[in-house]
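Asker: Quick one: sequence and predicted model below, then my questions.
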Amino acid sequence: GALRTLTEVQAISPDGRLTPLGHHLSRLPVDPHVGKMLIYASIFRCLDPVLTIAACCSYKSPFVGGVERRAQVDAARRKFAGQTPISDLLPLVKVYEGWEEALVKGQGAGRAYCSKFCLSEATMMQLRDMRRQFQDLLSSIGFDHRSGSDHRSGTQRGGAP
């Protein structure tokens, strides 16, 4: 149960006391696995992709399509996974980043992107909101995401995304 999970993520010591990580996790209203992932990503300055992974793990995959669109959905997933897929989660980062880039273009580009790759626009918006909530939660406990480096460019960030 809960104690096993907390021990598994190293939030409690073998004698049942909260570890330093456990103190931080106790202040985050998220699954302990997700919270640990977010805290470590903030520490190691690779938060941006991990925000997407955490949102997808906490909510659902953005890919949609019934049985009739199965082949189309599988083709879209393969496009993001590349030739040698090593993860189910890293392609979701590419999906999200592509959607963000499409939104910047405006004029329905985000909706067109979702349609082209069998994505739920509502789910993509929910994932964006969850990413922001995770950022805010981390900031509220002293893990300010804005003080780290942008993982894509290696440059310092100065303000909110």
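Answerer: Arrived safely, thanks for sending. Residues are numbered from 1 along each chain as shown.

Asker: nearest residue to the most centrally placed residue in the chain other than its sequence neighbours?
Answerer: With distances taken as Cα atoms, centre = their mean, the chain has Thr52 as the residue nearest its mean C-alpha position (1.9 Å). In space, not counting the residues next to it along the chain, Thr52 is nearest to Tyr96; the distance is 4.5 Å by Cβ to Cβ, 6 or more residues apart in numbering. Any C-beta I mention is one placed from the backbone N, CA and C, and that applies to glycine too.

Asker: pLDDT score assigned to the residue nearest to the centre of the chain?
Answerer: The pLDDT attached to Thr52 in the predicted structure is 97.

Asker: didn't the residue nearest to Thr52 look like it was pressed against Met125?
Answerer: No: taking Cβ atoms under 8 Å as the definition, Tyr96 is not a contact partner of Met125, at 11.2 Å.

Asker: which one of these two has more residues nearby?
Answerer: Taking other Cβ atoms under 10 Å, Tyr96 and Met125 do not tie; Tyr96 has more neighbours (24 against 15).

Asker: check which helix or strand covers that one.
Answerer: Of the helices and strands defined by DSSP states H and E, Tyr96 is found in helix 90-105.
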